[in-house]
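1. A structural model of the following input is requested.
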Amino acid sequence: MGEAPIIHVNIVDYPAAVAQAHDPSLAGRPFVIAADRGPRRIVLSPSQVARTEGITCGMSLRAAEDRLPSLTVLSADDRLISRADSELTRIIDSYSPTIQGERGGHLYLDMSGTGRLFGSVVDSALRLRREIRDRIGLDAAVAVGANKLVAKIGTRTVRPYGLAEIRSGD
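-> Model (predicted):
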């Protein structure tokens, strides 16, 4: 059987990752992106540092601040996320003509028939991950699998960052 044709790109906690790429002073600090309105504000996206302190998506902002008093709270910046989406799409488009899930840091690339252009799918996945990091400052979990489900499971095993290859029969 030939190479696995699907690459899944997963940028964990995409809004927080985009905010940190835009403002490097957030690196190493616990912060969250929270819903702007409503009597019960919730955490939409925690940074990796906040996540290690037990802050999760969907948690009430009050509970998050009680758990971690040094928590920085940011509002979602839709324009910043839209710009990151556009740049990510430009990068991804150069690797495959067939892409699904182009928003929010979850993308699937069908790499069928690209071997002569780009070499092995794993090499393409490595280049893609590096290009995303170098061009827009986002670290990604990237996995190669025989189908979307297998590739997604692969990214779950290496989250928040890394590369997995799951061959048929593994």
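2. average model confidence for stretch 5-22?
-> Averaging pLDDT along stretch 5-22 yields 95.
3. With stretch 111-127 instead?
-> 89.
4. Okay, buried residues for it please.
-> M111, T114, F118, V121, V122, S124, A125 (16 or more other CB atoms under 10 Å). In this view, the C-beta of every residue, glycine as well, is placed from N, C-alpha and C.
5. Can you tell me which of those is nearest G105?
-> Closest to G105 out of the buried residues of stretch 111-127 is A125 (15.6 Å), distances taken as CB to CB.
6. before we move on, back to that, please identify which of the buried residues of stretch 111-127 is nearest to P39.
-> A125 (44.1 Å).
7. Could you double-check that that closest one lies in contact with P5?
-> No. Using CB atoms under 8 Å, A125 is not in contact with P5; the gap is 11.5 Å.
8. Tell me, how many residues neighbour S96?
-> Neighbour count for S96, taken as other CB atoms under 10 Å: 23.
9. Make a markdown table from the buried residues of stretch 111-127 and add distance to Q100 and secondary structure to it.
-> Below are these laid out as a markdown table (distance: CB to CB, whole Å; DSSP: H, G, I helix; E, B strand; the rest coil):
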| residue | distance to Q100 | secondary structure |
| --- | --- | --- |
| M111 | 13 | coil |
| T114 | 16 | coil |
| F118 | 19 | helix |
| V121 | 16 | helix |
| V122 | 20 | helix |
| S124 | 17 | helix |
| A125 | 16 | helix |
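10. The residue nearest in space to the middle of the chain: what's it in contact with?
-> Nearest residue to the geometric centre of the chain (CA atoms, centre = their mean): I11, 0.6 Å. Counting by CB atoms under 8 Å, 6 or more residues apart in numbering, I11 makes contact with A17, L88, G105, H106, I132, L138, D139, A140, A141.
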